[in-house]
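Trainee: below: sequence and its predicted model.
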Amino acid sequence: MTAPKEQLLLMLFDGAIRFAEQARGKIEARDIEASHNQLVRAKAIIVELMCSLDKRVGDAIYNNLMGLYNFIYMRLVEANFR
């Protein structure tokens with residue numbers, strides 16, 4: 001609660017990467033339930049990043065980041081379906 005915004009964003013990125021890597025390991029181990037749980041956690045973080053994106057950063061940066069977050073989110077959804 002007392003961390004600066006920049007540090008909180010880094011923590012979110014780290015969490016999303018960690019959960020996605022854990023999900024990959026669970027997928028390789030054929031642990032469907034655990035992989036699903038990790039992918040859901042990673043998707044929740046990406047949604048949080050999308051919601052916290054401020055349009056005041058400028059149109060180009062906003063659109064690029066939103067496109068990147070959307071791509072990552074869709075890849076996580078696809079991994080969960082497979």
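Mentor: Received it, and whenever you're ready, just let me know what you need.

Trainee: and the most centrally placed residue in the chain, which of the three is it?
Mentor: For the chain, the residue nearest the mean C-alpha position is Ile46 (3.2 Å; C-alpha atoms, centre = their mean). Three-state assignment for Ile46 (DSSP: H, G, I helix; E, B strand; the rest coil): helix.

Trainee: could you double-check that it lies in contact with Tyr73?
Mentor: Yes. Ile46 is within contact range of Tyr73, at 4.7 Å (criterion: C-beta atoms under 8 Å). Yep, even glycine has a C-beta here, placed from its N, CA and C like the rest.

Trainee: name all residues that make contact with Met11.
Mentor: Taking C-beta atoms under 8 Å, 6 or more residues apart in numbering, we find Met11 in contact with Ala3.

Trainee: so it: helix, strand or coil?
Mentor: Using three-state DSSP, the structure places Met11 in helix.

Trainee: in contact with the residue nearest to the centre of the chain, which residues?
Mentor: Remark: with contacts taken as C-beta under 8 Å, 6+ apart, Ile46 is in contact with Ala16, Tyr69, Ile72, Tyr73, Leu76.

Trainee: from those residues, which land in strands?
Mentor: Under the assignment DSSP state E, these contribute nothing to strands.

Trainee: which one of those has the most neighbours?
Mentor: Most neighbours among those, by other C-beta atoms under 10 Å: Leu76, with 23 neighbours.

Trainee: ok, that residue touching Ala42?
Mentor: Yes. Here Leu76 reaches Ala42: they are 5.5 Å apart, a contact under C-beta under 8 Å.

Trainee: got any residues that touch both of those two?
Mentor: Applying C-beta under 8 Å, 6+ apart, one finds that Leu76 and Ala42 are jointly contacted by Ala20.
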